[in-house]
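> I'd like to go over a predicted model; first the sequence, then the structure.
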Amino acid sequence: MDVILGIDIGGSTTKIVGLRTDGSVISMLRVRAEDQVTSLYGALGNYLTSNRLSLRDVRRVVLTGVGASYVEGDIYGLPTCKVGEFSASGTGALALSGQSSAVVVSMGTGTAFLWASPDGIRHLCGSGIGGGTLSGLSELITGVHQYALIRKLCQDGDLSQIDLTIGDMSKGKVGTLPPEATAANFAKLAEDATSADKMRGLVNLVLQAIGTMSVLACRTCGTNTVVLTGALTMLPPAHETFELFTQLYGVEYIIPENATFATAIGAALYSMRRDR
């Protein structure tokens, strides 16, 4: 077997994807990255064992993500190269979504906003608001920081216990904003708000902040299409939150299958295209 491994070494997780030479995915693996280099070798060993692959089956290892800067030379003697995180994220997002061009929002520990098109991939701006923000504020406010628990807890939360809406302040619309639109995050925090309520409010705050910036990015690029990638796409309220932005601003949000692995997939694909 001739396998190309794309490995995204992020600030909090490492994602590894194996592609066949036709670009099809063999399998995907995600591990927590307490230490980037340690997680890289652990993920690689785990991946090879789980898929019954040997080093001889691997044509190339392609590294991307912030943690790739800590790795020098070839891994286990395998040909190893690096692809810039923005190039990998944009390539993966377009490939998974089937779009020819779009604003790509890569929601990792922080958030990157990219313009991806046939002419290339351009970094528009970035934000420190992302998964790391959610994890840190969650631990501060609820004592929970693990992503799986955040996902579970936020499902049962009630935003009416947390956020101030247009409807709380006005009998009708304000401009084009409907009564259910958020006027101020956490401005209506009830004394009896539960941990689930607070978690739902935190998730809403982070996703809405990212949504607002994505709308501005669309206006800058003259498009109405956004492809969302990264772990935050797996949060239960994500579809509901971005659907509201669609209704408010006419922006189409696409969350492709395997969006969490878009950057790792994109790194492998980008390296394959350079071979042609």
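That came through, no problem. Residues are numbered from 1 along each chain as shown.

> tell me where the stretch 151-276 of the chain has helices.
For the stretch 151-276 of the chain, applying DSSP state H, counting those that start in this stretch gives helices covering 166-169, 195-221, 238-249, 262-275.

> among the ones you listed, which is the most enclosed?
Of all the helices of the stretch 151-276 of the chain, helix 262-275 carries the top mean neighbour count, a mean of 24, counting by mean count of other C-beta atoms under 10 Å. In short, each C-beta sits where N, CA and C put it, glycine included.

> model confidence over that one, on average?
Helix 262-275 carries an average pLDDT of 90.

> can you give me the offset of it from its chain's centre?
17 Å (C-alpha atoms, centre = their mean, to the nearest Å).

> list the helices and strands that helix packs on?
Applying 3 or more C-beta pairs under 8 Å, 6 or more residues apart in numbering; DSSP states H and E, we find helix 262-275 packed against strand 3-9, strand 13-19, strand 58-64, helix 85-97, strand 225-230.

> for the longest one, packing partners?
Yep, that's helix 85-97 we're talking about. By 3+ C-beta pairs under 8 Å, 6+ apart, helix 85-97 packs against strand 3-9, strand 58-64, strand 102-107, strand 111-117, strand 120-127, strand 225-230, helix 262-275.

> the following helix or strand past the fifth one to strand 120-127, inter-axis angle?
Note on strand 120-127: by DSSP states H and E, the next helix or strand toward the C-terminus is helix 131-142. Taking axes from the mean of the first three to the mean of the last three C-alpha atoms, to 10 degrees, one finds helix 131-142 and strand 120-127 inclined to each other by 20 degrees.

> which strands and helices sit next to helix 131-142?
Applying 3+ C-beta pairs under 8 Å, 6+ apart, one finds that helix 131-142 contacts helix 147-154, helix 195-221.

> any idea which of these scores lowest on pLDDT?
helix 147-154 has the lowest average pLDDT among these, namely a mean of 93.

> could you pull out the buried residues of that one?
Buried residues in helix 147-154, counted by 16 or more other C-beta atoms under 10 Å: 147, 150-151, 153-154.

> low-scoring stretches of the stretch 51-200 of the chain, by residue?
172-173 (pLDDT under 70).

> how about a cut-off of 90?
Under the criterion pLDDT under 90, the flagged ranges of the stretch 51-200 of the chain are 66-74, 76-77, 109, 145-147, 167-168, 170-181.

> could you measure G73 against R32, distance?
To R32, G73 is 25 Å away according to C-beta to C-beta, to the nearest Å.

> neighbour-wise, which of the two wins?
Between G73 and R32, counting by other C-beta atoms under 10 Å, R32 is the more crowded of the two (14 against 6).

> give me the nearest residue to the more buried one, chain neighbours excluded.
Sequence neighbours aside, T13 is the residue nearest to R32 in space, at 5.7 Å (criterion: C-beta to C-beta, 6 or more residues apart in numbering).

> tell me which residues touch that neighbour, please.
30-33, 39, 231 (C-beta atoms under 8 Å, 6 or more residues apart in numbering).

> I'd assumed P179 was in contact with S170.
Yes - counting by C-beta atoms under 8 Å, P179 is a contact partner of S170 at 7.3 Å.
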